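S.K.: using only what follows, build the 3D model:
(one chain, ligands or ions: 1)
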Amino acid sequence: MPVITNVDDLKRIYQRRVPRMFYDYCESGSWTEQTFRENTSDFDQIRLRQRVALDMTGRSTAGQMIGQDVAMPVALAPVGLTGMQHADGEIKAARAAESFGVPFTLSTMSICSIEDVAENTSKPFWMQVYTLKDDDFMQRLFDRAKDAKCSAAVITVDLQLLGQRHKDLKNGLSAPPKLTVKSIADMMTKVQWGLGMLGTKRRFFGNIVGHAKGVKDPSSLGTWTAEAFDQALDWDRIRQFRKMWDGPLIIKGILDAEDAKQALNVGADAIIVSNHGGRQLDGALSAIKSLPAIMDAVGDKIEVHLDSGIRSGQDVLKALSMGAKGTYIGRAYIYGLGAMGEAGVTKSLELIQKELETTMGLCGVTSVDTLSRDNLLVPQGFEGNWQD
Ligand SMILES: Cc1cc2nc3c(=O)[nH]c(=O)nc-3n(C[C@H](O)[C@H](O)[C@H](O)COP(=O)(O)O)c2cc1C
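M.R.: I've put the predicted structure just below:
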């Protein structure tokens, strides 16, 4: 086993172990992938302010997200088809998160169902909700999340229609994978993955199949989203969802200050500044560059979280120092899951925590709550000089 020192090491193992179709599904952005690339490269533009001779003992990464204690302010983001990256992937990731002490967010488009994850974990997780036309389905989804004792709902508002990822079309992405000469040849080289999949019954969209009416082909993400997702979604509709769910509510997929104000008005407890990891509107601003304007608009009125592009504890520290109260990782934990299952998710969390904690020390900070812009060197005009 190679020595794993960073999340990229996990990515290399992941690429070797998981069928190409699912690796590509994870490691892609929409169209030219500009936003996908800039999500990470924009973090690199920010530098850290080194401080010395400041007592750095007793450092702690512990914090809170929506009032819940977390070992570090890094939640696992909702990722569709996680159970295709590794057998029973959602359960494995949720277990790693609960042992580590960070929130796990289950995607609507998961393979393991809400009930399945609840039965196989002991702490509450968060439920991500896509906005569908079917009112009954929506009400039932919130009810099922409540019955499963989910401690927050995360409504994703940036996917009323699906951004195009070229590779998914070329690979014929589906869950379970369609058996073609190409996919069979590829899967035959991924022995551990295949054995895992043969050993589980969880190979379909667990929250959809048997729960949504009139779904013609649930294996095809593209077809189903085109049929079922609500392109007429507006803030009034989101207000209706607020009434369907009386627990903590997080709105995910905000990139604009005006939208952040709207999210505040519908009574959300937190927002996630996110461009869906560069998978939706290609050409949109990176999440980290979008954060300052949103902080200016609503930062003192609502909890602001951020995802998209986080690959290290240093990225987490940068986002927190720019004002986010919490962050999420998507791909960074999927790399670990695909590489080594539950242990791999734990590994990616450990790596990120170690990087965060070490960086805090070298910046002269002992608590995540005291991180601020003072810890950073942000280039002038970082957010971009865009015309009104
Ligand atoms: C493979 C994959 C599937 C995703 N599926 C969902 C999903 O079902 N629901 C959702 O709200 N976001 C989904 N996202 C977006 C993530 O929740 C998150 O916003 C994104 O991964 C953050 O960027 P990062 O991967 O650079 O950390 C997905 C992301 C990836 C990479």
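
S.K.: the residue nearest to Lys123 when sequence neighbours are not counted: neighbouring residues, count only.
M.R.: In space, and not counting its chain neighbours, Lys123 is closest to Glu98: 4.3 Å by C-beta to C-beta, 6 or more residues apart in numbering. The way it works is simple: take the backbone N, C-alpha and C, and place the C-beta from them, glycine included. Neighbourhood size, Glu98 [other C-beta atoms under 10 Å]: 16.

S.K.: residue contacts, the residue in the stretch 251-388 of the chain positioned nearest to the ligand?
M.R.: At 2.0 Å from the ligand, Gly330 is the closest residue in the stretch 251-388 of the chain, using C-beta to the nearest ligand atom. Applying C-beta atoms under 8 Å, 6 or more residues apart in numbering to Gly330 gives the contacts Ala77, Val79, Gly277, Asp307, Ser308.

S.K.: turn those into JSON lines, including neighbour count, pLDDT and secondary structure.
M.R.: Shown next, in JSON lines, are the contacts of Gly330 (neighbours: other C-beta atoms under 10 Å; pLDDT from 0 to 100; DSSP: H, G, I helix; E, B strand; the rest coil):
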{"residue": "Ala77", "neighbour count": "29", "pLDDT": "99", "secondary structure": "coil"}
{"residue": "Val79", "neighbour count": "27", "pLDDT": "98", "secondary structure": "coil"}
{"residue": "Gly277", "neighbour count": "25", "pLDDT": "98", "secondary structure": "helix"}
{"residue": "Asp307", "neighbour count": "27", "pLDDT": "99", "secondary structure": "coil"}
{"residue": "Ser308", "neighbour count": "34", "pLDDT": "98", "secondary structure": "coil"}
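
S.K.: surely the residue nearest to Lys123 is in contact with Lys92?
M.R.: No: between Glu98 and Lys92 there is no contact under C-beta atoms under 8 Å: 11.2 Å.

S.K.: if we can go back for a sec, give me the distance between the residue of the stretch 251-388 of the chain closest to the ligand and Phe104.
M.R.: 12 Å (C-beta to C-beta, to the nearest Å).

S.K.: which elements pack onto the stretch of helix or strand the residue nearest to Lys123 belongs to?
M.R.: According to DSSP states H and E, Glu98 maps onto helix 89-100. Applying 3 or more C-beta pairs under 8 Å, 6 or more residues apart in numbering; DSSP states H and E, we find helix 89-100 packed against strand 74-76, helix 82-85, helix 114-119, helix 331-362.

S.K.: try 10 Å this time
M.R.: Other helices and strands packing on helix 89-100, by 3 or more C-beta pairs under 10 Å, 6 or more residues apart in numbering; DSSP states H and E, are strand 74-76, helix 82-85, strand 105-106, helix 114-119, helix 331-362.

S.K.: save those as a markdown table, and put in mean pLDDT too.
M.R.: What follows is the helices and strands packed on helix 89-100, written out as a markdown table (pLDDT from 0 to 100):
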| stretch | mean pLDDT |
| --- | --- |
| strand 74-76 | 99 |
| helix 82-85 | 98 |
| strand 105-106 | 98 |
| helix 114-119 | 98 |
| helix 331-362 | 98 |
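
S.K.: and the pLDDT for the residue of the stretch 251-388 of the chain closest to the ligand?
M.R.: At Gly330, the model reports a pLDDT of 98.

S.K.: got it, and Asn6?
M.R.: Per-residue confidence (pLDDT) for Asn6: 98.

S.K.: I figured it hits Ile352, correct?
M.R.: Yes: assessed by C-beta atoms under 10 Å, Asn6 is found in contact with Ile352 at 9.4 Å.

S.K.: the closest residue to Leu132 other than its chain neighbours - how many residues pack around it?
M.R.: Spatially, and ignoring its direct neighbours in sequence, Leu132 is nearest to Ala228 (5.0 Å; C-beta to C-beta, 6+ apart). Counted by other C-beta under 10 Å, the residues lying close to Ala228 total 19.
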